[in-house]
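[1] Please work out how this folds:
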Amino acid sequence: MDICTPGLRGTCVTLKARYVVLDLGTGDGRLIKLIKVNKPDIEEAVALDVSPTMLKSTRDHFANDSRIKIIEHDLSQPLPDFGYFDAVVSSFAIHHLKHERKRELKKSMTSSIQQEYFVI
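    Okay, the predicted model is just below:
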């Protein structure tokens, strides 16, 4: 299944049947919502954010969806070991980090995702 997000300059990705996603700096969960519109049978999404306001908003949006794991985490700190993901997505979060942390995060992301992956 292809997911195209016109709001993200026409970015398109293809999702396989079972899918596990990590959303870095999820905010209100907008990217997870976009994925779920096109892939309602997503296996799991892990949503990370440091803002209590954004985490509350995300919890409210996904209150009845046990497939969405919402976790408080500061991206300036190392990522917890969540296992493997099929995709890592982020919007408006990583650019706030210092350049060295961006490089560390990229290494961490690439070691946490499956062989066939994408990072948006």
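
[2] so which strand or helix has the residue of the chain most remote from its centre?
    Centroid-distance maximum for the chain: Glu100 at 20.7 Å, with Cα atoms, centre = their mean. If you go by DSSP states H and E, Glu100 is part of helix 99-112.

[3] pLDDT (mean, whole number) over that helix?
    Taken as a whole, helix 99-112 has a mean pLDDT of 70.

[4] Not counting its neighbours along the chain, what's nearest Arg59?
    Among residues not flanking Arg59 along the chain, Ile70 sits closest, at 5.5 Å (Cβ to Cβ, 6 or more residues apart in numbering). For every residue, glycine as well, the C-beta is placed using N, CA and C.

[5] so what's the one you found up against?
    Thr26, Ala47, Asp49, Leu55, Thr58, Arg59, Phe62 (Cβ atoms under 8 Å, 6 or more residues apart in numbering).

[6] If any of these are buried, give me the PyMOL selection for them.
    Buried residues among the contacts of Ile70 (16 or more other Cβ atoms under 10 Å), as a PyMOL selection:
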select buried, resi 26+47+49+55+58+62
